[in-house]
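In: Provided below for reference: sequence and predicted model.
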Amino acid sequence: MRVIGTSIKDCYVLQWDKFNDRRGYFQVPFNQDIFNEVTDLDFNIVQENESYSKKNVIRGLHFQKPPYEQAKLVRCTYGEVTDVIVDIRKESPTYGRVVTVKLNGGDCKSVFVPRGCAHGFSTQTKAIFNYKVDNIYNKESEGGIIYNDPDLNIDWGVNKKPKISEKDLELPFFKDLDIY
């Protein structure tokens, strides 16, 4: 497993090896001990989530407010997505920075999203998306940012009429957040 830094503090792309033979393949998408040693973080998975989305869907940008913040390890297991991370930690040297990463079901790649970052993704095809998180979900701690915030200028890679939940369409702008 290779751990590659991004332009957001403590946000990483993980690249792992796939071993093919005549029977199929074998891979180890994540090793917690290696990841924590390389990054000097303490990421411990407590829950795994999975979503299926149709083509041209945007989910996000979501986060959990303190004390229920979640770090996430995300990957696309089927299809193709654009993963989006926004640093919303005011004390962070990368506050306000946006990172996008293309993920697909066959690329042996995942993204680590640190606590204090908003996260979302869009689908370029039908897709299955997997999340491993280090804290339990708490409905009262939900937060988010509107997907089309002009200050963030995110290229989601979808057409002009994406499928978005009603709840996500009512999220505030980044400049209006006051949580950290």
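Out: Good, I have the coordinates.

In: looking at the chain, which helix is longest?
Out: helix 32-39 (DSSP state H).

In: test my guess that residue 77 contacts residue 103.
Out: No. Counting by CB atoms under 8 Å, residue 77 stays clear of residue 103, with 9.4 Å between them. No exception for glycine: its C-beta is placed from N, CA and C like everyone else's.

In: hmm, back to that, helices or strands up against the longest helix of the chain?
Out: With contacts taken as 3 or more CB pairs under 8 Å, 6 or more residues apart in numbering; DSSP states H and E, helix 32-39 sits against strand 2-5.

In: so what's the residue count around residue 172?
Out: Using other CB atoms under 10 Å, residue 172 is surrounded by 13 other residues.

In: same question for residue 114.
Out: Counted with other CB under 10 Å, the neighbours of residue 114 add up to 23.

In: so what's it up against?
Out: Residues near residue 114 by CB atoms under 8 Å, 6 or more residues apart in numbering: 8, 9, 10, 11, 41, 71.

In: and it, how close does it get to residue 89?
Out: Distance, residue 114 to residue 89, using CB to CB, to the nearest Å: 8 Å.

In: which residues touch residue 88?
Out: Neighbours of residue 88 in contact, by CB under 8 Å, 6+ apart: 63, 95, 96, 116, 117, 118, 145, 174, 177, 179, 180.

In: can you tell me which of those residues are buried?
Out: Buried members of the contacts of residue 88, counted by 16 or more other CB atoms under 10 Å: 63, 116, 117, 118, 145, 174, 177.
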